[in-house]
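Asker: need a 3D model of the sequence below.
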Amino acid sequence: MRSIVVQQELSPPLITGPDDVRALVAACRFPPEGIRSYGPVRVGVVHGVAEPAMVERIPIIMPMIETARAFDQLEAIAAVSGITGLYVGPADLSLSLGLPVPVDFSAPAFRAVLSRVVEVCQQHNVVAGIYAGPEWAADLAALGFRFITIVNDSDLITHGAIAALRQVAR
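Answerer: Just a heads-up that it's a prediction; the model follows:
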(Lines give C-alpha, C1' and ligand atoms only; values in the text may rest on other atoms or scores of the structure.)
Protein backbone atom coordinates (compact mmCIF):
# COMPACT_ATOMS: atom_id res chain seq x y z
CA MET A 1 0.00 0.00 0.00
CA ARG A 2 1.45 3.38 -1.00
CA SER A 3 1.01 6.40 1.25
CA ILE A 4 1.55 10.10 1.25
CA VAL A 5 3.66 10.81 4.32
CA VAL A 6 3.71 14.31 5.77
CA GLN A 7 5.71 14.39 8.97
CA GLN A 8 4.08 11.41 10.67
CA GLU A 9 0.72 11.52 8.92
CA LEU A 10 -0.25 8.59 6.75
CA SER A 11 -2.92 9.34 4.15
CA PRO A 12 -3.01 6.39 1.79
CA PRO A 13 -4.84 7.13 -1.45
CA LEU A 14 -7.55 5.12 -3.16
CA ILE A 15 -8.96 3.41 -0.10
CA THR A 16 -11.85 1.27 -1.29
CA GLY A 17 -13.23 -0.11 1.96
CA PRO A 18 -12.62 -1.23 5.52
CA ASP A 19 -10.31 -4.09 4.50
CA ASP A 20 -7.85 -1.55 3.06
CA VAL A 21 -8.03 0.42 6.29
CA ARG A 22 -7.49 -2.64 8.48
CA ALA A 23 -4.38 -3.44 6.40
CA LEU A 24 -3.17 0.13 6.84
CA VAL A 25 -3.62 0.07 10.61
CA ALA A 26 -1.90 -3.33 10.82
CA ALA A 27 1.07 -1.92 8.89
CA CYS A 28 1.40 0.80 11.54
CA ARG A 29 1.21 -1.50 14.57
CA PHE A 30 3.67 -3.99 16.02
CA PRO A 31 2.76 -7.63 16.61
CA PRO A 32 0.56 -9.02 17.96
CA GLU A 33 -1.87 -6.24 16.87
CA GLY A 34 -0.15 -5.59 13.56
CA ILE A 35 2.60 -6.53 11.15
CA ARG A 36 4.99 -3.57 11.43
CA SER A 37 8.63 -4.47 11.87
CA TYR A 38 10.49 -3.05 14.80
CA GLY A 39 13.45 -0.84 13.84
CA PRO A 40 14.40 1.17 16.95
CA VAL A 41 17.43 3.02 15.59
CA ARG A 42 15.83 5.53 13.19
CA VAL A 43 12.75 6.21 15.28
CA GLY A 44 14.90 6.60 18.39
CA VAL A 45 17.08 9.20 16.66
CA VAL A 46 14.17 11.10 15.08
CA HIS A 47 11.69 11.00 17.97
CA GLY A 48 13.83 10.24 21.00
CA VAL A 49 11.78 7.16 21.83
CA ALA A 50 12.15 3.57 20.76
CA GLU A 51 9.71 1.71 22.98
CA PRO A 52 7.07 0.03 20.81
CA ALA A 53 4.17 1.39 22.90
CA MET A 54 5.44 4.95 22.42
CA VAL A 55 6.32 4.54 18.74
CA GLU A 56 2.83 3.29 17.88
CA ARG A 57 1.35 6.59 19.11
CA ILE A 58 3.36 8.66 16.61
CA PRO A 59 1.60 8.16 13.26
CA ILE A 60 -1.59 9.99 12.43
CA ILE A 61 -3.57 7.51 10.33
CA MET A 62 -6.14 9.15 8.04
CA PRO A 63 -7.37 6.99 5.16
CA MET A 64 -8.27 9.08 2.13
CA ILE A 65 -11.87 9.26 1.00
CA GLU A 66 -11.55 10.03 -2.67
CA THR A 67 -13.69 7.48 -4.49
CA ALA A 68 -17.42 6.86 -4.74
CA ARG A 69 -16.77 3.33 -3.46
CA ALA A 70 -15.06 4.62 -0.32
CA PHE A 71 -17.79 7.21 0.18
CA ASP A 72 -20.41 4.47 -0.05
CA GLN A 73 -18.56 2.61 2.73
CA LEU A 74 -17.86 5.66 4.84
CA GLU A 75 -19.39 4.29 8.04
CA ALA A 76 -17.55 0.96 7.81
CA ILE A 77 -14.27 2.73 7.10
CA ALA A 78 -14.70 5.18 9.99
CA ALA A 79 -15.49 2.28 12.33
CA VAL A 80 -12.08 0.63 11.83
CA SER A 81 -10.21 0.76 15.12
CA GLY A 82 -6.87 2.56 15.11
CA ILE A 83 -7.50 5.41 12.68
CA THR A 84 -7.16 9.06 13.64
CA GLY A 85 -9.60 10.35 11.07
CA LEU A 86 -10.71 10.43 7.45
CA TYR A 87 -9.09 12.70 4.88
CA VAL A 88 -11.05 13.89 1.85
CA GLY A 89 -9.27 14.19 -1.49
CA PRO A 90 -11.80 16.63 -2.94
CA ALA A 91 -10.86 16.58 -6.63
CA ASP A 92 -10.72 12.80 -6.97
CA LEU A 93 -13.86 12.37 -4.87
CA SER A 94 -15.70 14.96 -6.97
CA LEU A 95 -14.66 13.22 -10.21
CA SER A 96 -15.55 9.80 -8.84
CA LEU A 97 -19.02 11.03 -7.89
CA GLY A 98 -19.57 12.56 -11.34
CA LEU A 99 -19.23 16.11 -10.05
CA PRO A 100 -17.14 18.83 -11.71
CA VAL A 101 -13.49 19.69 -11.27
CA PRO A 102 -12.25 22.19 -10.29
CA VAL A 103 -14.17 21.47 -7.14
CA ASP A 104 -16.87 23.91 -6.12
CA PHE A 105 -16.91 23.57 -2.34
CA SER A 106 -20.15 25.57 -2.20
CA ALA A 107 -22.09 23.43 -4.72
CA PRO A 108 -25.05 21.81 -2.92
CA ALA A 109 -24.25 18.28 -4.16
CA PHE A 110 -20.62 18.42 -3.01
CA ARG A 111 -21.57 20.24 0.18
CA ALA A 112 -23.88 17.32 1.05
CA VAL A 113 -20.97 14.90 0.54
CA LEU A 114 -18.71 16.95 2.81
CA SER A 115 -21.42 17.26 5.46
CA ARG A 116 -21.85 13.49 5.44
CA VAL A 117 -18.12 12.94 5.93
CA VAL A 118 -18.13 15.30 8.92
CA GLU A 119 -21.24 13.65 10.37
CA VAL A 120 -19.75 10.16 10.13
CA CYS A 121 -16.45 11.33 11.61
CA GLN A 122 -18.27 12.89 14.56
CA GLN A 123 -20.31 9.72 15.09
CA HIS A 124 -17.12 7.64 15.22
CA ASN A 125 -15.07 10.18 17.19
CA VAL A 126 -12.43 10.60 14.49
CA VAL A 127 -11.10 13.76 12.85
CA ALA A 128 -12.52 15.00 9.55
CA GLY A 129 -9.71 16.18 7.26
CA ILE A 130 -9.58 17.71 3.79
CA TYR A 131 -7.33 19.40 1.27
CA ALA A 132 -8.56 22.86 0.24
CA GLY A 133 -7.13 26.26 -0.57
CA PRO A 134 -6.82 28.85 2.18
CA GLU A 135 -9.86 30.69 0.84
CA TRP A 136 -12.03 27.73 1.95
CA ALA A 137 -10.38 26.92 5.29
CA ALA A 138 -12.66 28.95 7.57
CA ASP A 139 -15.78 27.73 5.81
CA LEU A 140 -14.71 24.09 6.01
CA ALA A 141 -13.72 24.47 9.66
CA ALA A 142 -17.20 25.86 10.36
CA LEU A 143 -18.64 22.81 8.59
CA GLY A 144 -16.72 20.60 11.01
CA PHE A 145 -13.41 19.76 9.37
CA ARG A 146 -10.59 19.82 11.93
CA PHE A 147 -7.57 18.93 9.77
CA ILE A 148 -7.34 21.19 6.74
CA THR A 149 -4.35 21.19 4.44
CA ILE A 150 -4.26 24.66 2.89
CA VAL A 151 -1.05 24.34 0.89
CA ASN A 152 1.19 21.53 -0.28
CA ASP A 153 4.94 21.34 -0.71
CA SER A 154 4.93 21.85 -4.46
CA ASP A 155 2.80 25.00 -4.07
CA LEU A 156 5.21 26.33 -1.46
CA ILE A 157 8.20 25.67 -3.72
CA THR A 158 6.46 27.22 -6.73
CA HIS A 159 5.38 30.34 -4.83
CA GLY A 160 8.82 30.68 -3.28
CA ALA A 161 10.52 30.36 -6.66
CA ILE A 162 8.18 32.94 -8.22
CA ALA A 163 8.82 35.37 -5.35
CA ALA A 164 12.58 34.90 -5.68
CA LEU A 165 12.49 35.43 -9.45
CA ARG A 166 10.40 38.58 -9.06
CA GLN A 167 12.87 39.95 -6.54
CA VAL A 168 15.81 39.26 -8.86
CA ALA A 169 13.99 40.75 -11.85
CA ARG A 170 13.61 44.13 -10.13
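
Asker: which stretches of this structure aren't confidently modelled?
Answerer: Counting by pLDDT under 70, the chain shows low-confidence ranges at 1-10, 40-43, 47, 55-57.

Asker: go with 50
Answerer: Counting by pLDDT under 50, the low-confidence segments of the chain come to 1-7.

Asker: work out which residue lies at the spatial centre of the protein.
Answerer: A centroid search over the chain (Cα atoms, centre = their mean) returns residue 87, at 3.4 Å, as the residue closest to the centre.

Asker: A strand includes that residue, no?
Answerer: Yes - counting by DSSP: H, G, I helix; E, B strand; the rest coil, one finds residue 87 located in a strand.

Asker: from residue 145, how far off is it?
Answerer: With distances taken as Cβ to Cβ, to the nearest Å, residue 87 is found 10 Å from residue 145. Glycine gets a C-beta too; all of them are placed from N, C-alpha and C.

Asker: got any residues that touch both of the two?
Answerer: 129, 130 (Cβ atoms under 8 Å, 6 or more residues apart in numbering).

Asker: does residue 36 sit in a helix, a strand or a coil?
Answerer: coil.

Asker: nearest residue to it in space, please, no chain neighbours.
Answerer: Ranked by Cβ to Cβ, 6 or more residues apart in numbering and with sequence neighbours excluded, the top spatial neighbour of residue 36 is residue 30, at 5.2 Å.

Asker: residue 50 is in contact with the one you found, correct?
Answerer: No - in this structure residue 30 lies outside contact range of residue 50 using Cβ atoms under 8 Å: 11.8 Å.

Asker: quick one: the strands in the chain?
Answerer: Along the chain, counting by DSSP state E, strands occupy 4-6, 9-11, 60-61, 64-65, 85-88, 127-131, 147-149.

Asker: so which of those comes closest to residue 17?
Answerer: Minimum separation from residue 17 across the strands of the chain (Cβ to Cβ) falls at strand 64-65, 11.1 Å.

Asker: name the residues that touch that closest one?
Answerer: Applying Cβ under 8 Å, 6+ apart, the external contacts of strand 64-65 come out as 11-15, 70-71, 74, 77, 86-89, 93, 117.

Asker: returning to that earlier point: quickly list what the residue nearest to the centre of the chain is bridged to.
Answerer: Taking DSSP bridges as the rule, residue 87 bridges to residue 64, residue 129.

Asker: and the closest residue to residue 121 other than its chain neighbours, how far from residue 75?
Answerer: In space, residue 121 comes closest to residue 128 once its chain neighbours are excluded; the distance is 3.9 Å by Cβ to Cβ, 6+ apart. If you measure residue 128 against residue 75 using Cβ to Cβ, the figure is 14 Å.
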